[in-house]
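In: A structural model of the following input is requested.
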Amino acid sequence: MNKERKGRVREKASKTGILRRAPAREALRGGDLRSIGRANDMATAAAEDATVFAELIAGLDHTDRIMRMRCADAAEKASSHKPKLLRPYKKRLLRLAAEATAKEMRWHFALMLPRLSLTARERVGAVATLETYLSDSSRIVVVNAMQALAEFARDDEALRVGLVPRLARLRGEGSPAIKARARKLLRAGSFLMESRATPLKT
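Out: As a prediction, the model looks like this:
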């Protein structure tokens, strides 16, 4: 982005209150977990400004649970438009995804992991993390993890072979949303054609 455009983005963000204080993510404070607050505004700013995106990544292990959730939400939305924003934070994201126990963090990590460019060893770790998400009590986490695993399986025959029986089990035992996604993914070749995970509405 050229300097003039970046200046316009920051000016717009400043007028909406996103950059009134440092760090920018402070605009995400307040409310409760049922609200995303100003995460959409922050996602828009972060998609255009890597420094704002960096602040969101820094907030993924913030002491405030609401801040963590909204930073994850905004980072996921920004990276859905520009996956390359995630590149400098690959190791951090893999670690935080593996450590995450809160559902509102897991469902965002599940969406972001397939957007990373991973080594063979890192892929193994990411897949192992997502497999643990399949046992989560949140249907959103499970659905997003299923979709993410299907994406990883697009070019991994061994993973595809192992994923099919897991999806078949979830198709028979899960919630209506989980069953529906499992059926979709089990259709011949369907998960090979998915471009990226599609989240449930929260």
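In: Can you mark which positions in stretch 115-126 are buried?
Out: 115-116, 118, 123, 125-126 (16 or more other CB atoms under 10 Å). All C-beta atoms are positioned from the backbone trio N, CA, C, and that covers glycine.
In: Show the end-to-end separation of that stretch, please.
Out: 11 Å (CA to CA, to the nearest Å).
In: for the record, mean pLDDT for it?
Out: Stretch 115-126 shows a mean pLDDT of 95.
In: Then stretch 158-173?
Out: 88.
In: Residues contacting that stretch, please?
Out: With CB atoms under 8 Å, 6 or more residues apart in numbering as the test, stretch 158-173 has contacts from 127, 131, 134, 142, 146, 149-150, 152-153, 178-179, 182-183, 185-186, 191.
In: tell me the two of the buried residues of stretch 115-126 that are most distant?
Out: Arg115 and Gly125 (15.5 Å; CB to CB).
In: so of the contacts of stretch 158-173, which ones are in helices?
Out: 127, 131, 142, 146, 149-150, 152-153, 178-179, 182-183, 185-186, 191 (DSSP state H).
In: out of the residues you listed, which are buried?
Out: 127, 142, 146, 149-150, 152-153, 178, 182, 185-186, 191.
In: Using pLDDT, spot the least trustworthy of those.
Out: Among those, Phe191 has the weakest pLDDT, 51.
In: from the ones in helices among the contacts of stretch 158-173, which is closest to Arg68?
Out: Val142 (20.5 Å).
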